[in-house]
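**Q** the following block contains a protein sequence and its predicted model.
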Amino acid sequence: MTEKVLPKEDSDFSLPGRIEESDSAYFEPEIKSKGKSLTIFGIVFVLVAVGVFSYYFLNQSEIDSQILDNTSFKTLEEKIANHYGVGQFGSEHAHAALVVYVNGDKLDFSHPQFQIQSKYIHFENDNPYLIHKHATDVPLEMLFASFGLKITSECVELGYEESQY
């Protein structure tokens, strides 16, 4: 009679057929494939990042100028100045006097709505007549546009309620 011997270890891995599963070689192919995938992903990530940053640095001035030219980042005043093609702020300092009559009524530009609405051309110090211009090539139309007054050959459109003033 053959004597039956119990496994010496108190483990399932000592049972027949389970020893292969307990061997680290059994798990290596899976570990290697995950490690290999992570390595490939890391290399690809680094290459893409280097490519993107290289493109940016090689084309930095062009990209930055496109960003700065994007009108969504400009103030209304910058858009108006760009529209009229005025010179750099401070390139000129000039004064002019102006009186505007509509249907015999004089418009009063001394109200705060009309005072210093643009740094390029404006009324200031509650003076309704004296225009201050602080750049070259600033048209009078820009003064009116800065506070919502539009003058055409047919009419004058006021961008405010006349009854308030």
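**A** Yes, it's here.
**Q** okay, now H95: neighbour count?
**A** Here the count is done by other C-beta atoms under 10 Å, and H95 has 8 residues near it. Heads up, the C-betas are built off the backbone N, CA and C, glycines and all.
**Q** mind starting the numbering at 405 from now?
**A** With 405 as the first residue, the last one maps to H499.
**Q** surely it is in a strand?
**A** Yes: counting by DSSP: H, G, I helix; E, B strand; the rest coil, one finds H499 located in a strand.
**Q** can I assume it is in contact with H536?
**A** Yes: using C-beta atoms under 8 Å, H499 is in contact with H536, at 6.1 Å.
**Q** what segments of the protein are helices?
**A** Taking DSSP state H as the criterion, the chain carries its helices at 423-426, 428-462, 464-473, 480-488, 544-550.
**Q** and the average pLDDT for the first one is what?
**A** Spelled out, that is helix 423-426. Helix 423-426 comes out with an average pLDDT of 54.
**Q** break this protein into its domains for me.
**A** For the chain, automatic domain parsing gives the domain ranges 405-473, 479-568.
**Q** winner for burial among these?
**A** Each of the domains of the chain was assessed for mean neighbour count using mean count of other C-beta atoms under 10 Å. The highest is domain 479-568, with a mean of 14.
**Q** distance-wise, check Y459 relative to V503.
**A** Distance, Y459 to V503, by C-beta to C-beta, to the nearest Å: 58 Å.
**Q** equivalent analysis for F493, please.
**A** Taking C-beta to C-beta, one finds F493 at 27 Å from V503.
**Q** same question, S522
**A** For S522, the distance to V503 equals 20 Å [C-beta to C-beta].
**Q** where among the domains of the chain is the average confidence lowest?
**A** Note on those: domain 405-473 shows the lowest mean pLDDT, a mean of 67.
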